[in-house]
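*Asks:* Predicted structure and sequence below. I'll ask about it afterward.
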Amino acid sequence: MTSSTIEYLYDCALEPDRWQCALDAVVCDMGARAAILLVRDFRAGPWSLNHLCSVYSDMFARGAGAVYVEKFAHLEEQQVAALEGLRVLDMVADTDLGVDRQTLDSRADYGFLAREIGIRRRLVSRLNDKPGWFDLIAVAFDHAVEAPSNRARAALGDHLPHIAKSIEIERTFTDLRQRYNAVLNVLDRIRIGIILALNDGEILLANAEAERLLSDRDGLRRTPLNTTACDDPDQSAAFQAHIAAVALTSRGEGDVAGRQMRVDRRSGGTPLLVDFAPIRDASDELNERFTGAIALVVDPDRTEDLRIDPFAALFDLTGAEAAVCELMLRGHSAPEIAEARGRSVETVRNQIKAVYAKTETRDRGSLVRLVVRTLPPVI
């Protein structure tokens, strides 16, 4: 994996138009021929094309892509169904998705792609596990290649965490751009703290919620050097170490896709939840070729803006489970929820277990983090 490829990938988080260059770099690193990012939105129907490498882009530019979608894409239905059961970041070859090699090679869709862009074997991976949608990357190899090599698998495995993290960041900011037209103008609308930090930890930008948390000095504070510090010295060191680690990745010099930590509060309140990720600004919207870290800070004691109804629908929570989930997010205990809902404590505990099972979380903190990641609270 080359440092320039990682740089390309994190450029895409704020500038999705750069995915073609990033996918071309991934293809080059793997010794492959083409790559495509797909999104499966269960609310909208079939697969949608998200981002294309130059080979696929050229195919669509000359009209062959539309022909494929219209006449041949339906032949992939059995493989598509198998992909829905794929574990996150696992890799699987097209020949291991329920259709044997001989059948695949004789199919009309494979023949069409071999003629148009010279591909045959493919390697695919699921990039996240959201129940309402998931993203997937498919890498295709020259038609002369019988099977993806171990080198190609290793290269894709190195890239996958960074591709997934970039898409996660992109999804949040793309949604905001669509609704409000610019990133910098909307950060204050997000009810989670957002801190953009330079490589040395200096705060470049903090939104209104982050400024509130820093000024409260209850867990986090701004230092005279314009860096972020925690009440606990060991946690301060860990906070800066996480920023430094992901910032190295944003410059193509590291391999850390993300870090997480909890920050204790002197008030005794629920610890703050902090997610760190690499981020780059290739378009100079933030600063001159900014590379560094983004820290997303969630205050679990301030959850009134979390959108529970769409979250419950995505995770197939029942009405009762959704109501319990909302009260859990507000910080209520099982006895308090039972009293508020007029149910037994045992019934509520069973509903809490169901919420954790369906969302694959283990406690209130991880549940809050999941809600924020899935549906960022925007006012």
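*Replies:* That came through fine.
*Asks:* domain ranges for this structure?
*Replies:* The chain breaks down into these domains under automatic domain parsing: 3-180, 187-298, 308-374.
*Asks:* how about those domains in TSV, adding mean neighbour count and mean pLDDT?
*Replies:* For the C-beta atoms, the positions are set from N, CA and C on the backbone; glycine is no exception. Shown next, in TSV, are the domains of the chain (neighbours: other CB atoms under 10 Å; pLDDT from 0 to 100):
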stretch	mean neighbour count	mean pLDDT
domain 3-180	18	85
domain 187-298	19	84
domain 308-374	17	88
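*Asks:* any chance you could map the strands in the stretch 51-200 of the chain?
*Replies:* Using DSSP state E, counting those that start in this stretch, the strands of the stretch 51-200 of the chain run over residues 91-93, 119-126, 133-142, 193-198.
*Asks:* Can you name every helix or strand that the last one contacts?
*Replies:* What it means is strand 193-198. Here strand 193-198 touches strand 203-206, helix 208-216, helix 233-250, strand 291-298, going by 3 or more CB pairs under 8 Å, 6 or more residues apart in numbering; DSSP states H and E.
*Asks:* Give me the residues contacting that strand.
*Replies:* With CB atoms under 8 Å, 6 or more residues apart in numbering as the test, strand 193-198 has contacts from 187, 203-207, 209-210, 212-213, 227-228, 243, 247, 279, 286, 290, 292-299.
*Asks:* And the longest one, by the same measure?
*Replies:* For strand 133-142, the surrounding residues in contact (CB under 8 Å, 6+ apart) are 26-27, 30, 32-43, 50, 83-84, 86, 113, 117-128, 148, 152, 156, 160, 163-164, 167.
*Asks:* Could I get the full set of strands for the stretch 251-379 of the chain?
*Replies:* With strands called from DSSP E, counting those that start in this stretch, the stretch 251-379 of the chain shows them at 259-263, 272-280, 291-298.
*Asks:* Who are the packing partners of the last one?
*Replies:* The contact analysis (3+ CB pairs under 8 Å, 6+ apart) places strand 291-298 against strand 193-198, helix 208-216, helix 233-250, strand 272-280, helix 364-374.
*Asks:* hmm, try it at 6 Å
*Replies:* strand 193-198, helix 233-250, strand 272-280 (3 or more CB pairs under 6 Å, 6 or more residues apart in numbering; DSSP states H and E).
*Asks:* can you tell which of those is closest to R171?
*Replies:* Of all those, it is strand 272-280 that lies closest to R171, at 12.4 Å by CB to CB.
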